[in-house]
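> Return atomic coordinates for the entry below.
(one chain, ligands or ions: 1)
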Amino acid sequence: MASLLKKAEEGHNLLITGPPGTGKTHVVAQIVERLLIDGKQVAVTSTTGISATILKSKLTSIAGPDASNYEISMLSCKLLHQIEHIFRRIRRVEKPFGGVQVVLAGDFLQLPPVPTPEYGDDGQSITESILLQYFHCEQLSEIIRQSEPDLIQAIHEIARYQCQLIV
Ligand SMILES: Nc1ncnc2c1ncn2[C@@H]1O[C@H](COP(=O)(O)OP(=O)(O)OP(=O)(O)O)[C@@H](O)[C@H]1O
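Next comes the predicted model:
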């Protein structure tokens, strides 16, 4: 986590992924708090109401324009590109995201994007987006929420569609 906080403070765009319980929400909350202490403006969004509620409960203060987006597996490629375009147009800065630092977090093995054909959005995941070249990507792997070895093994196996645990 220390290295992620350092990267965030240095202004890098971050993509934080990992299985359930590896501390993604925790580290995003820490990053937000740290950037606020550094005097930056931070906007936090989420693709689901429940994850926004969980994240908000971990934050003591929130304020707009460094951006953090949580539950990133549900963000479609099209929407990410639209956000990038809007940031560039509004700020009139020809850099990725108009120079706004962006932190994305989530688990691509959890909920996928919902296709919205009426907006021409096929629901493609951001994993193939060319914008990811502008991100420092880090995968968290240590499951912190659970301590039981069997359960942790089952979580990893479920994520790989290989669960063999029978109760
Ligand atoms: N560095 C840490 N120090 C102490 N506790 C931590 C740390 N990281 C995570 N935790 C705790 O571990 C639990 C799981 O963390 P968290 O909810 O951030 O995981 P997650 O990866 O976001 O999970 P999910 O994908 O299910 O939302 C929480 O209770 C959290 O407070």
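
> What are the contacting residues of stretch 77-91?
65, 67, 94-100, 113, 119-122, 124-126, 128-129, 131 (Cβ atoms under 8 Å, 6 or more residues apart in numbering). Where C-beta positions appear, they are placed from N, C-alpha and C, glycine not excepted.

> and the residues you listed, which are buried?
Among the contacts of stretch 77-91, those classed as buried by neighbour count (16 or more other Cβ atoms under 10 Å) are 67, 96-98, 100, 113, 121, 125-126, 129, 131.

> Contacts only, for the closest residue to the ligand within the chain.
Closest approach between the chain and the ligand, counting by Cβ to the nearest ligand atom: residue 23, at 2.9 Å. Residue 23 makes contact with 1, 140, 142, 144 under the criterion Cβ under 8 Å, 6+ apart.

> now the most centrally placed residue in the chain, what's its secondary structure?
By Cα atoms, centre = their mean, the chain has its centre lying nearest to residue 105, at 1.4 Å. Assigned with DSSP: H, G, I helix; E, B strand; the rest coil, residue 105 falls in the strand class.

> Who's the closest spatial neighbour of it, skipping the chain neighbours?
residue 16 (4.2 Å; Cβ to Cβ, 6 or more residues apart in numbering).

> Quick check: the one you found vs residue 89, distance?
27 Å (Cβ to Cβ, to the nearest Å).

> So for the two, which sits in the more crowded spot?
residue 16 (29 against 10; other Cβ atoms under 10 Å).

> Just confirm residue 45 is within a strand.
Yes: checked against three-state DSSP, residue 45 lies within a strand.

> Okay, and the beta partners of it?
For residue 45, the beta-bridge partners are residue 69 (DSSP bridges).

> State the distance from it to residue 103.
11 Å.

> What parts of this structure come near the ligand?
1, 18, 20-26, 107, 144-145 (Cβ under 6 Å from any ligand atom).

> Inside helices: which ones of those?
Using DSSP state H, the subset of the residues of the chain next to the ligand located in helices is 24-26.
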